[in-house]
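Participant: Would you be able to build a 3D model of this:
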Amino acid sequence: MSDNAKPGNGAPETGAKRWKKATAVTGMATALVGLATAIVQFTQAGTRSAAPAIAITSPGTGAGATASACQTVLGMANVADGMTLIVAVRRTTGTPRSKTKFYRVDTARSTGRWNVTVSLEGENPNTAGQWYSITAFTMPVGWADFLEKVGGSADGPLITASTMPPYDGEAPSIDVQRVAGQGFC
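Facilitator: Here you go, the predicted model:
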């Protein structure tokens with residue numbers, strides 16, 4: 001046997017040897033892809049939370065649940081950096097239709113708890129018995145800063161508008177019925 005005929009010296013391989021190498025390379029690639037997929041799935045499963053990113057915990061909802069003219073809304077939120085929590089309030093019954101009031105909410109980043117006092121048209125005693133939708137969502141801080149500069153106030157609604165501003169992610173909502181009473185929130 002000459003030096004060129006020995007394996008590894010540039011001698012042509014037989015079909016069986018090439019097949020074994022190709023099978024080994026394919027098996028190795030499949031194992032690596034499988035391992036990477038398993039790591040990604042494990043990481044995603046570990047970071048998912050069963051709790052929603054935003055929840056409204058009070059006022060209560062359901063049969064017989066009511067809300068005052070100046071209602072404190074409570075909840076929990078996992079607000080990402082660069083985002084801010086907004087609570088929107090809109091009357092859903094009666095005429096004329098009311099515009100939506102948007103409130104900027106400070107969230108306790110360590111616990112995720114938040115609260116904000118909203119007006120269910122508290123200055124108008126004729127809206128007692130009407131239904132209101134309360135929605136919570138997040139939006140970029142830059143948008144909230146802009147809306148505050150355009151027409152908001154630090155102690156009242158951020159802005160009053162007929163449409164929802166751009167927001168990210170989920171937007172849980174509850175419906176409440178306003179009780180009699182009056183107040184300026």
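
Participant: Touching, residue 83 and residue 138? I think so.
Facilitator: Yes. Residue 83 lies in contact with residue 138 (C-beta atoms under 8 Å); the separation is 4.4 Å. Glycine gets a C-beta too; all of them are placed from N, C-alpha and C.

Participant: quick one: common contacting residues for the two?
Facilitator: Both residue 83 and residue 138 are in contact with residue 168, where contact means C-beta atoms under 8 Å, 6 or more residues apart in numbering.

Participant: These two: who's more crowded?
Facilitator: For residue 83 versus residue 138, neighbours defined as other C-beta atoms under 10 Å are more numerous around residue 138 (24 against 21).

Participant: buried sites along whichever strand or helix holds that one?
Facilitator: Per DSSP states H and E, residue 138 falls inside strand 131-140. Residues of strand 131-140 classed as buried: 131-132, 134-140 (neighbour count, 16 or more other C-beta atoms under 10 Å).

Participant: For the residue lying closest to residue 97 once chain neighbours are set aside, give me phi and psi.
Facilitator: Distances taken as C-beta to C-beta, 6 or more residues apart in numbering place residue 91 nearest to residue 97, at 7.3 Å, with adjacent residues excluded. In terms of degrees, to the nearest 10, the main-chain angles of residue 91 are phi -70, psi 130.

Participant: Across the sheet, point out what pairs with residue 91.
Facilitator: Beta-bridge pairing for residue 91 (DSSP bridges): residue 132.

Participant: what residues are up against it?
Facilitator: Contacts here follow C-beta under 8 Å, 6+ apart; on that basis residue 91 touches 97-98, 120-121, 127, 130-132.

Participant: ok, which stretches of this structure are strands?
Facilitator: Under the criterion DSSP state E, the chain carries strands at the ranges 54-58, 66-67, 70-77, 83-91, 100-105, 113-119, 131-140, 159-161, 173-178.

Participant: Could you pull up the mean pLDDT of the longest one?
Facilitator: Per-region confidence: strand 131-140 scores 92 on mean pLDDT.
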